[in-house]
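Q: here is the input, now give the coordinates:
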Amino acid sequence: MVGLGTLGRPAEPPRRHDRYGHRGEDDKQELVLAEPAEKTDNEQQHCQRHEEHGDPDQRRAQGHILPNGSASVLPMHLGAHVSVSGGIHTAIDRIEEMGGEAVQVFTQSPRTWRPTNHDPANFERFKKRRKEAGITHVVCHALYLVNLASPDDEIYKKSVAALQNTVDVGCAIEADAVVFHVGSHLGAGLEAGLDRVAPALAEALGRCSETTWLLMENSAGAGGTIGRSIDELATIYERLDRHPRLGVCLDSCHLYVSGYDVTDRAALDAVLEELDRKIGLERLRVLHVNDSKAPLGSNLFLHVNIGECLLCEQLGVFLGHLQLQDLPALLEVPGKGHGPDADEVKKLKELYARWR
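A: You can find the predicted model right below:
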């Protein structure tokens with residue numbers, strides 16, 4: 001059995017999750033509400049699964065040109081975060097049963113630093129099942145425990161190793177991306193935090209493949225968290241010399257609570273214009289679609305099921321935006337208490353259909 005195990009890293013002793021609100025048995029990996037302690041030559045690179053359709057970045061920006069000369073835009077690829085209980089390959093069965101087209105997973109228990117010892121055969125099963133099920137996008141989410149800006153050397157070392165582990169497993173299953181939260185400087189200051197973040201990301205990016213990118217997720221902005229704004233994400237991007245495999249994941253809830261009103265078309269236009277100007281829209285690779293229980297600009301991280309709280313029907317502004325099409329849009333909601341389910345995916349599809 002191997003996890004990142006093939007790389008010979010010793011397993012960390014189990015550490016119970018004490019800060020981030022995850023629950024259940026270690027192998028269940030249930031997703032609940034939590035917040036972490038808190039244009040370049042790469043345009044020639046693209047994922048193999050898109051080759052027969054053309055470059056995905058160009059398709060998003062320009063749409064397809066149909067035989068009659070009109071343009072069409074490929075739709076979003078809707079899906080959810082699911083458990084990998086029983087083996088990482090089982091995620092494909094779960095998302096297929098939910099009716100999703102894209103999937104996100106943790107590659108290990110989100111409540112402990114200890115990496116999962118994956119059976120290498122399950123990586124092959126995963127890839128085989130993905131092809132059979134027609135799952136367009138696969139995303140791995142790094143642990144919420146990860147804090148690449150931590151001034152604590154022990155936490156920093158564990159965070160660097162955990163992110164590398166996730167990248168290695170992501171590459172093994174040919175995931176399209178590894179999404180991570182940058183973390184919090186915990187009062188040490190933004191510059192001090194960035195001095196920790198940059199070398200950690202450089203190491204992780206060195207392990208990425210052309211298929212598997214590393215994506216910074218925008219944060220809700222509580223405390224000393226880094227990545228609360230497009231500007232902060234752009235600062236990290238520049239620190240890494242615009243690395244060809246470094247991109248962005250945008251979360252609708254996090255945008256809203258950090259002051260970006262994604263329910264207002266003009267405000268969302270401004271966000272995407274800023275992202276394009278400072279980083280490049282081609283670097284936007286994944287969307288997280290979540291409603292928010294906390295108000296605009298509150299910096300509070302409270303995911304709720306779509307259509308049940310403040311964003312409600314107007315979340316369709318985010319889903320329907322032309323520049324966000326042909327991206328995976330993934331639910332990270334509580335569902336009935338154990339994460340997204342078929343009913344939540346159905347609601348997402350219905351909301352999307354109303355706003356396309």
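Q: wait, what's in contact with Gly320?
A: Residues near Gly320 by CB atoms under 8 Å, 6 or more residues apart in numbering: 352, 355-356. For the C-beta atoms, the positions are set from N, CA and C on the backbone; glycine is no exception.
Q: show me the helices in the stretch 101-250 of the chain, by range?
A: In the stretch 101-250 of the chain, the helices defined using DSSP state H, counting those that start in this stretch lie at 120-133, 153-172, 190-205, 230-239.
Q: list the buried residues in stretch 335-352.
A: With burial defined by 16 or more other CB atoms under 10 Å, the residues of stretch 335-352 counted as buried are 335, 339-341, 344-345, 347-349, 351-352.
Q: for those residues, which two are the farthest from each other?
A: Within the buried residues of stretch 335-352, two members stand farthest from each other by CB to CB: Gly339 and Tyr352, at 19.6 Å.
Q: which stretches of the protein have low pLDDT?
A: 1-72 (pLDDT under 70).
Q: all the strands of it, residue numbers only.
A: Secondary structure of the chain (DSSP state E): strands at 64-65, 71-72, 77-81, 102-106, 137-141, 177-181, 183-184, 213-217, 225-226, 246-251, 284-289, 291-292, 303-304, 328-331.
Q: any chance of those strands in CSV, with distance to Leu275 too?
A: Listed next are the strands of the chain as CSV, based on distance: least, CB to CB, whole Å:
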stretch, distance to Leu275
strand 64-65, 23
strand 71-72, 22
strand 77-81, 20
strand 102-106, 21
strand 137-141, 19
strand 177-181, 16
strand 183-184, 21
strand 213-217, 11
strand 225-226, 17
strand 246-251, 7
strand 284-289, 6
strand 291-292, 20
strand 303-304, 22
strand 328-331, 16
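Q: with mean neighbour count and distance to Gln164 added, can I get these in TSV?
A: Shown next, in TSV, are the strands of the chain (neighbours: other CB atoms under 10 Å; distance: least, CB to CB, whole Å):
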stretch	mean neighbour count	distance to Gln164
strand 64-65	12	38
strand 71-72	10	40
strand 77-81	24	21
strand 102-106	26	15
strand 137-141	26	12
strand 177-181	27	10
strand 183-184	26	15
strand 213-217	24	10
strand 225-226	27	19
strand 246-251	25	15
strand 284-289	24	20
strand 291-292	24	32
strand 303-304	23	27
strand 328-331	28	23
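Q: which one of these lies closest to Gly193?
A: strand 225-226 (5.4 Å).
Q: which secondary structure elements does the closest one contact?
A: For strand 225-226, the packing partners by 3 or more CB pairs under 8 Å, 6 or more residues apart in numbering; DSSP states H and E come out as strand 183-184, helix 190-205.
Q: isn't Gly223 right up against Ser184?
A: Yes. Gly223 is within contact range of Ser184, at 5.8 Å (criterion: CB atoms under 8 Å).
Q: so which of the helices of the stretch 101-250 of the chain is the most packed in?
A: Most buried of the helices of the stretch 101-250 of the chain, by mean neighbour count (mean count of other CB atoms under 10 Å): helix 153-172, with a mean of 21.
Q: could you check how far the nearest residue in space to Cys140 that is not next to it in sequence is from Leu246?
A: Computed as CB to CB, 6 or more residues apart in numbering, the closest residue to Cys140 that is not its neighbour in sequence is Gly170, at 4.2 Å. For Gly170, the distance to Leu246 (CB to CB, to the nearest Å) stands at 14 Å.
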